[in-house]
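Asks: just the structure for this:
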Amino acid sequence: MKSLLPDKDFEVFPSVYLVDDDASVRKALARLIRSAGLEVQTFASAREFLDWIPDTNNPACLVADVRMPGLSGIDLHHELRSTNRNLPIIFVTGHGDIPMSVNAMKAGAVDFLPKPVKDSDLLRAIKQALAHADDNRVKRDELEGLRKRMEKLTARESQVMALVVKGMLNKQIAFVLGTVEKTIKVHRARVMRKMEVNSVAELVRIAEKIHSPNVG
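Replies: The predicted model follows:
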């Protein structure tokens, strides 16, 4: 079977986590996923996965049964989101209905597949989920880099930056901060240098990314 990976250049190898209380299903789906050239780890329950889940930035996705003893797949998804572990998730179930499917998709699921799952449907969904996970990883890395730049600013430089991105002129900023325009020019130049930008437009885009990261 053709690997899922060639269509996208992953800097780190992605992983698939499979959670299902049916051992035969775990075995069959794990074999399918490995045959596509992907690494897969299996878990017999949502609690087992939550007790194990690593703190990693590598792209990964979750394939989970909806109906399981104890925590359901939906419960697992809510638990992950409540702790900001936003793994792209694909739900599979033998007892699904339309309302459940709609709720799962609204909760951010990549797909909702009925059992028995078609090989092609599952692999397509996994491919989509991993691409989404890797895009989020890139965004998180970029955001972390921008925040580190922000940390280099002094308190006054941060104030100046906030007013610059609002569109204020140096003279206006000087009035707001109770200083002179010449001083603001110095602070503004330092902000531009530390934030590694050449224009106010770039600075505005960075500020928007920091305050509205849109990663999930």
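Asks: which residues touch stretch 143-162?
Replies: 173, 177, 184, 187-188, 190-191, 194-196, 203, 206-207, 209-210, 213, 215 (C-beta atoms under 8 Å, 6 or more residues apart in numbering). From N, CA and C alone the C-beta is placed, and that goes for glycine too.
Asks: quote the end-to-end distance of that stretch.
Replies: With C-alpha to C-alpha, to the nearest Å as the measure, stretch 143-162 spans 17 Å from end to end.
Asks: buried ones in it?
Replies: Neighbour counts over stretch 143-162 (16 or more other C-beta atoms under 10 Å) mark 143, 146, 150, 153, 157, 159-161 as buried.
Asks: average pLDDT across it?
Replies: The predicted model assigns stretch 143-162 a mean pLDDT of 94.
Asks: pull the distance from it to the chain's centre.
Replies: 23 Å (C-alpha atoms, centre = their mean, to the nearest Å).
Asks: please apply the same query to stretch 13-27.
Replies: The answer for stretch 13-27 is 21 Å, by C-alpha atoms, centre = their mean.
Asks: tell me the buried residues in it?
Replies: So stretch 13-27, judged by 16+ other C-beta under 10 Å, has buried residues 14-21, 25-26.
Asks: again with stretch 34-45
Replies: Neighbour counts over stretch 34-45 (16+ other C-beta under 10 Å) mark 36, 38, 40, 42-43, 45 as buried.
Asks: okay, strands next: where are they in the chain?
Replies: Taking DSSP state E, the strands of the chain run over residues 15-19, 39-43, 60-65, 89-93, 111-114.
Asks: of the contacts of stretch 143-162, which belong to helices?
Replies: 173, 177, 184, 187-188, 190-191, 194, 203, 206-207, 209-210 (DSSP state H).
Asks: and Tyr17, bridged to which residues?
Replies: Legend: beta-bridge partners of Tyr17 under DSSP bridges are Gln41, Leu62.
Asks: domain parsing for this structure?
Replies: 5-138, 152-211 (automatic domain parsing).
Asks: separation between the residue located most distally from the centre of the chain and His187?
Replies: Distance from the C-alpha centroid of the chain peaks at Val180, with 43.3 Å (C-alpha atoms, centre = their mean). Per C-beta to C-beta, to the nearest Å, Val180 is found 11 Å from His187.
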